[in-house]
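Trainee: Sequence and predicted structure, then a few things I'm wondering about:
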Amino acid sequence: MAESLPLEMLTYILSFLPLSDQKEASLVSRAWYCASRNALREEKVRYNIPMSSASLPAIKSLGLWGISCINLTNLDGSPTSHQVLQSIAYHLGPHLQSLCLSGGSPTEASFVALILSCPALRSLDLSGCNSLFASGMLLAQPKMAQQVQQALSGLRELNLAGLRDLADLSFNQLSSCTPSLERLSLAYCHLTFELGSAWGSIGPQDSSPSQLSFHNLLRFVKERAGSLRALDLSGTGLPPEALQALGQVAGLQLQELSMHSCRDLSTEAVAALCRQQPGLTSLDLSGCSELADRALLAVSRGLRHLRHLSLRKLRRLTDAGCTALGGLRELQSLDMAECCLVSGQELAQALGSVCGAPPPLASLSLAYCSSLKDTSVLSLIPALGPSLRVLDLSSCVALTNRTLQTICTYLTPLLVLRLAWCKELRDWGLLGLGEPREEPAQGAQLHQELEDHASGPKDSSPQPQGPSLLMLQALQELDLTACSKLTDTSLAKVLQFPQLRQLSLSLLPALTDKGLVAVARGCPSLERLALSHCSLLSDEGWAQAASSWPRLQHLNLSSCSQLTEQTLDTIGQACKQIQMLDVAMCPGISMAAVRRFQVQLPQVTCIQSRFVGGADLTLTL
């Protein structure tokens, strides 16, 4: 029947499937192959292409699909890389819109040849490609620069992060070839700042061939003020004076600005920026350690249309500053991880302010906020609203089952829930049972009650008595790392999420084969699974569980001391899509066994370590 559906309808239906399922669907028939190809192309999926001769047939096939986004890995100046680049230029070049060479070492000749074959390029990532800029002569020849400018005339985004050899001269030569640039990243490049009134007064002829100066960057921003919309200067040591000079550039209307780890920034400089650039919709001030409550107040007053705000590691920020968040009515994501003085009391009031509906918050991170307690979180969660999809409370060590059950009551549409190192979570909380009495005599009775609830009749409904983890049926990622009081009793019952893609149960000392098998049956769509330091897991458990996880791609079994090479054989036979396997510190798995496994599945990256002469030796194969 599906064969009779129009191609457009098949494409629409397959677009709802995750990437791995779309790939499997393409094998059903010719019609499904064409439909899945269209769906994948529409999703702008990024393909990783290793610099190996084995990639050549795949590149030709991807060219027939019209793939537009690729990432080249292990790129160097070898003949093999040159051959692969030629194939990419011929088969993929005309369609490419996004090209990532991050961390590669291409030669200038191979880079230019590739760029000239990509006339539709919109995004270029050269982060960490230091070999291109070491000589300072990239695009120094006018004729070559003119050809590259024509090829990059439509480029909108350029990533130059982490380039230690980037200097004014090479930056100017490359940026002059990108007349339509809207987004620029110079994160963690070594910018030099010379204080003085002459900032920006120098011309291109004064560019330095050996260093990247703020003088030169400011001149560039002034020239592109009409089109530049996003700037990333994270880790550059941006001083307050430089930020003020940047914000007051005539005609500049930034929408996104990232200044992560610019530790010298002052509250006054941030306040001035908010007045000068009121159109900002995304602001990252993470790690700007001098900022405190007044900076957040300035953000709230000046950036009324802000949608994404990151305040991670602002350790001087307190509850008093959180009251200002009530003014950000369009806020969609908020990151306050590692703000150790924030208890959440004022945050709940701000997000649930009576002055209007709560902001459409989709993502909230309060990870490592050690002052967070149940009382404040219980008032915060109902204020978050139905739009929340990502909640990170990792390492909020004082939180208990009361918080978890409130999450399960009010935040049922959640896609991502991270509760790593919340060590007070217990089985009865996950199961939705009432809180047990504290008398010691109740211990045995509670354990029996949990066992009866978890086992139950085989045909009984899995519905809990109260708000249990089972209510979050939309979950795609769950992190319970180091929630050490959890056991099979609850995990086997509540981990039944057909859409779950990523799960971490690392550092759960009570997890056994019984729990592993139950999780495998309840979460068949897993692509990433972490089970490190689960020392009770054995080969027998994996023999039963592995067949339920055909989509598994990343698996961490480090320090699972009972596992042997038998588990490797089981995984190799059942998990054909596996890409990364970590068996570090597994004494029962030898190097020879890992090598045999990789012969069977050569696409897999295996991590193994051993103690050699008192040292920890880690090998990536």
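Mentor: Looks like it arrived, so ask away. Numbers count the residues shown, from 1 in each chain.
Trainee: Does Leu393 touch Leu399 like I think?
Mentor: Yes. Under the contact definition of CB atoms under 8 Å, Leu393 touches Leu399, with a separation of 6.2 Å. For the C-beta atoms, the positions are set from N, CA and C on the backbone; glycine is no exception.
Trainee: Now list whatever residues contact both of these two.
Mentor: Counting by CB atoms under 8 Å, 6 or more residues apart in numbering, the residues touching both Leu393 and Leu399 are Leu372, Val377, Leu419, Cys422.
Trainee: Now the second one: which helix or strand?
Mentor: Just to be clear, that refers to Val377. In the assignment (DSSP states H and E), Val377 maps to helix 374-380.
Trainee: Same question for Trp542.
Mentor: Per DSSP H and E: helix 539-545 holds Trp542.
Trainee: packing partners for that helix?
Mentor: On a contact count with 3 or more CB pairs under 8 Å, 6 or more residues apart in numbering; DSSP states H and E, helix 539-545 meets helix 513-522, helix 565-574.
Trainee: what does the helix holding Val377 contact?
Mentor: Applying CB under 8 Å, 6+ apart, the contact partners of helix 374-380 are 343-345, 347-349, 351, 393, 396, 398-400, 402-403, 406.
Trainee: Most neighbours among those, please name it.
Mentor: Leu347 (28 neighbours; other CB atoms under 10 Å).
Trainee: so who does that residue touch?
Mentor: With contacts defined as CB under 8 Å, 6+ apart, Leu347 is in contact with Asp319, Cys322, Leu325, Met336, Ser376, Leu380.
Trainee: My assumption is that it lies in a strand; please confirm.
Mentor: No. When classified by DSSP: H, G, I helix; E, B strand; the rest coil, Leu347 is found to be helix rather than part of a strand.
Trainee: buried sites along the helix or strand following the helix holding Val377?
Mentor: Elements were assigned by DSSP H and E; along the chain past helix 374-380, the next helix or strand is strand 390-392. Buried residues in strand 390-392, defined by neighbour count with 16 or more other CB atoms under 10 Å: Val390, Leu391, Asp392.
Trainee: what does the model give the first one for pLDDT?
Mentor: By that I understand Val390. According to the model's per-residue confidence, Val390 sits at a pLDDT of 98.
Trainee: which residues does it contact?
Mentor: Listed by CB under 8 Å, 6+ apart, the contact partners of Val390 are Ser333, Ala362, Ser363, Leu364, Ser365, Leu414, Leu415, Val416.
Trainee: Against Ser127, how distant is the closest residue to Gly572 other than its chain neighbours?
Mentor: Nearest non-adjacent residue to Gly572, counting by CB to CB, 6 or more residues apart in numbering: Gln600, 4.8 Å away. When CB to CB, to the nearest Å is applied, the distance between Gln600 and Ser127 equals 34 Å.
Trainee: Show me which of these two is the more surrounded one.
Mentor: For Gln600 versus Ser127, neighbours defined as other CB under 10 Å are more numerous around Ser127 (21 against 13).
Trainee: Isn't that one up against Leu163?
Mentor: Yes. The criterion here is CB under 8 Å, and Ser127 meets it with Leu163 at 7.3 Å.
Trainee: Which one of the contacts of Leu347 is nearest to Gln608?
Mentor: For those, the closest approach to Gln608 (CB to CB) belongs to Met336, at 37.8 Å.
Trainee: Could you give the number of residues near the closest one?
Mentor: The number of residues packed around Met336, counting by other CB under 10 Å, is 28.
Trainee: Then Leu7?
Mentor: 12.
Trainee: residues in contact with the nearest residue to Gln248 once chain neighbours are set aside?
Mentor: On the basis of CB to CB, 6+ apart, the spatially nearest residue to Gln248 that is not a chain neighbour turns out to be Gln276, at 5.3 Å. Neighbouring residues of Gln276 by CB under 8 Å, 6+ apart: Gln244, Gly247, Gln248.
Trainee: returning to what we had before: please identify which two of the contacts of Leu347 are farthest apart in space.
Mentor: Among the contacts of Leu347, the pair separated by the greatest distance (CB to CB) is Leu325 and Ser376, which sit 14.1 Å apart.
Trainee: higher neighbour count, those two?
Mentor: Regarding Leu325 and Ser376, a neighbour count based on other CB under 10 Å identifies Leu325 as having more, with 25 against 22.
Trainee: Just to be sure, that one is in a strand?
Mentor: No. Residue state for Leu325 (three-state DSSP) corresponds to helix; a strand is not indicated.
Trainee: Hmm, it is touching Leu296, no?
Mentor: Yes. Under the criterion of CB under 8 Å, Leu325 is in contact with Leu296, at a separation of 7.3 Å.
Trainee: what about Cys339, how many neighbours?
Mentor: When neighbours are counted by other CB under 10 Å, Cys339 registers 28.
Trainee: which residue packs closest to it, ignoring adjacent ones?
Mentor: If you skip the residues right next to it in sequence, Cys339 has Leu317 as its closest partner in space, 4.8 Å away by CB to CB, 6+ apart.
Trainee: quick one, phi psi at that neighbour?
Mentor: Comment: the main-chain dihedrals of Leu317 come out as phi -80, psi 130, following degrees, to the nearest 10.
Trainee: hang on, isn't it packed against Asp293?
Mentor: Yes. Applying CB under 8 Å as the test, Leu317 and Asp293 come out as touching, 6.3 Å apart.
Trainee: of those two, who's got more company?
Mentor: Legend: neighbour count by other CB under 10 Å for Leu317 and Asp293, higher for Leu317 (22 against 19).
Trainee: give the contact list for that one.
Mentor: Leu291, Ala292, Asp293, Leu296, Leu311, Met336, Cys339, Leu341, Val342.
Trainee: low-confidence ranges in the stretch 1-150 of the chain?
Mentor: Under the criterion pLDDT under 70, the flagged ranges of the stretch 1-150 of the chain are 1-4, 15-16, 18-20, 22-24, 26-27, 33-44.
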